[in-house]
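Colleague: This is the structure alone, sequence omitted:
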């Protein structure tokens, strides 16, 4: 796996995150953060609609030969994303009534938004 393959995959992933952000914006969500990083990891997309904060994990896949994008979000990954969400809320001093976790599966021809994935 050379450098070229890695940068192509990163570009495809970034394109997926752009598509996900566009979908949420088009559906009335406010994008609060993208690719927020801290020592423990990264949140792909943080948005808000009313009193609901949405933490979105974006999974870009050219094919399902390694499982579906939802399969890629393991129990350990879900636990880590929950911890990161709590940290994001503390850092930004934001209170929300509800925190929802979505997964956006980005396929070459379409995106699939799995609302309240866990």
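Modeller: Perfect, I can see it now. All of these numbers come straight from a predicted model, not from anything done at the bench.

Colleague: Where does the prediction get shaky in this structure?
Modeller: The chain contains residues with pLDDT under 70 at 1-6, 8-10, 12-13, 63-67, 69.

Colleague: The same query, at a cut-off of 80, please.
Modeller: Low-confidence regions of the chain, defined by pLDDT under 80, span residues 1-14, 61-72, 108-109.

Colleague: how about the strands of it, start to end?
Modeller: 30-38, 41-49, 52-60, 98-106, 111-114 (DSSP state E).

Colleague: Of those strands, which stretch is the most buried?
Modeller: Across the strands of the chain, averaging neighbours per residue (mean count of other C-beta atoms under 10 Å) puts strand 52-60 on top, at a mean of 22. Heads up, the C-betas are built off the backbone N, CA and C, glycines and all.

Colleague: For residue 107, give me its contacts.
Modeller: Residues in contact with residue 107, defined by C-beta atoms under 8 Å, 6 or more residues apart in numbering, are residue 61.

Colleague: Please report how far it lies from residue 48.
Modeller: In this view, residue 107 and residue 48 are 26 Å apart by C-beta to C-beta, to the nearest Å.

Colleague: Please report the distance of the residue nearest the centre of the chain from residue 104.
Modeller: Closest to where the C-alpha atoms of the chain average out (C-alpha atoms, centre = their mean) is residue 57, at 2.2 Å. Per C-beta to C-beta, residue 57 is found 7 Å from residue 104.
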